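Participant: Mind folding the following:
(2 chains)
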Amino acid sequence: AQKITQTQPGMFVQEKEAVTLDCTYDTSDQSYGLFWYKQPSSGEMIFLIYQGSYDEQNATEGRYSLNFQKARKSANLVISASQLGDSAMYFCAMRERSSGTYKYIFGTGTRLKVLA
Amino acid sequence: SAVISQKPSRDICQRGTSLTIQCQVDSQVTMMFWYRQQPGQSLTLIATANQGSEATYESGFVIDKFPISRPNLTFSTLTVSNMSPEDSSIYLCSVEGSRGEQFFGPGTRLTVL
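Facilitator: Model prediction:
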């Protein structure tokens, strides 16, 4: 079973609009971390935002916010006021404890295209 | 966040040969991680490299194919051995932040002919 599911292989958004990228996860751990990364066409991986499983507030980092719904096991990324430079692949990831060590699992990604 | 460099940035290799990728961090870190990203795919963790001990490999990855060195707290190498075209990927090293976030190097784009 997929641990991290990103159901949107591709998304379009108009410049200056907001967009939500979906992510659901599966874990039996009580303590885990959720992350979003951006990968532009250059190939680098850029950390965007973190949400801890015990955090009651949704995480925010500038134009990025994470809509964390623990009961539904979802951790959607919201990008406000989209810019052309936001066009990239976006990966959701989870860090959970497994067999005494931490495991880091990435989703399959969503390709976002911002339209002028 | 740490500054991470990788060498080479890209290479084209013949099948059956080996390539060693270097990863340098600007600060001392306990763990370094090696990932593979096959074309159009997500990232898969190959192994975790701790200084002074053997690397811990994930399921599907073996030391004979991907030997790793970790001679000190700022440096690691990953060798891709006896390469085949299926090894064509981006290879990334990373270090971990205080919350578990990964900070990645720029990646090594490998093409095997």
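Participant: Chain A against chain B: which residues are in contact?
Facilitator: Where chain A comes near chain B, counting by Cβ under 8 Å from any Cβ of the partner chain, the residues are A:33, A:35, A:37, A:43-47, A:50, A:52, A:91, A:93, A:95, A:101-104, A:106-109. Where you see a C-beta, it was placed from the backbone N, CA and C, and this is true even at glycine.
Participant: Please pick the buried ones from those.
Facilitator: With neighbours counted by 16 or more other Cβ atoms under 10 Å in any protein chain shown, those contain buried members at A:33, A:35, A:37, A:43-45, A:47, A:50, A:91, A:93, A:95, A:103-104, A:106-109.
Participant: So which of those sit within strands?
Facilitator: A:33, A:35, A:37, A:47, A:50, A:91, A:93, A:95, A:103-104, A:106 (DSSP state E).
Participant: Surely A:M11 is in contact with A:E17?
Facilitator: No - with contact defined as Cβ atoms under 8 Å, A:M11 does not reach A:E17; the gap is 11.2 Å.
Participant: and the two most separated of the ones in strands among the buried ones among the residues of chain A next to chain B?
Facilitator: With distance counted by Cβ to Cβ, no two of these lie farther apart than A:F47 and A:K103, which are 17.6 Å apart.
Participant: Would you map the strands across chain A?
Facilitator: Under the criterion DSSP E, chain A contains strands at A:4-5, A:10-14, A:19-21, A:24-25, A:32-39, A:46-52, A:60-61, A:64-69, A:74-79, A:88-98, A:101-106, A:110-115.
Participant: Give the rounded mean pLDDT of the fourth one.
Facilitator: Which is strand A:24-25. Confidence over strand A:24-25, taken as the mean pLDDT, stands at 96.
Participant: A:A81: neighbour count?
Facilitator: Using other Cβ atoms under 10 Å in any protein chain shown, A:A81 has 12 other residues around it.
Participant: List the contacts of stretch B:92-103.
Facilitator: Contacts made with stretch B:92-103 from outside it, assessed by Cβ atoms under 8 Å, 6 or more residues apart in numbering or on different chains, are listed as A:33, A:35, A:37, A:45, A:47, A:50, A:52, A:93, A:95, A:102, A:104, B:1-2, B:4, B:6, B:21, B:23, B:25, B:29, B:31-37, B:43, B:76, B:78, B:104-105, B:107-108.
Participant: please redo it, this time with the cut-off set to 7 Å
Facilitator: A:33, A:35, A:45, A:47, A:50, A:95, A:102, A:104, B:1-2, B:4, B:6, B:23, B:25, B:29, B:31-35, B:37, B:76, B:104-105, B:107 (Cβ atoms under 7 Å, 6 or more residues apart in numbering or on different chains).
Participant: what about residue 99, neighbour count?
Facilitator: Since no chain was named, I'll use chain A. When counting by other Cβ under 10 Å, one arrives at 5 neighbours for A:S99.
Participant: should've been chain B
Facilitator: If you count neighbours by other Cβ under 10 Å, B:R99 ends up with 12.
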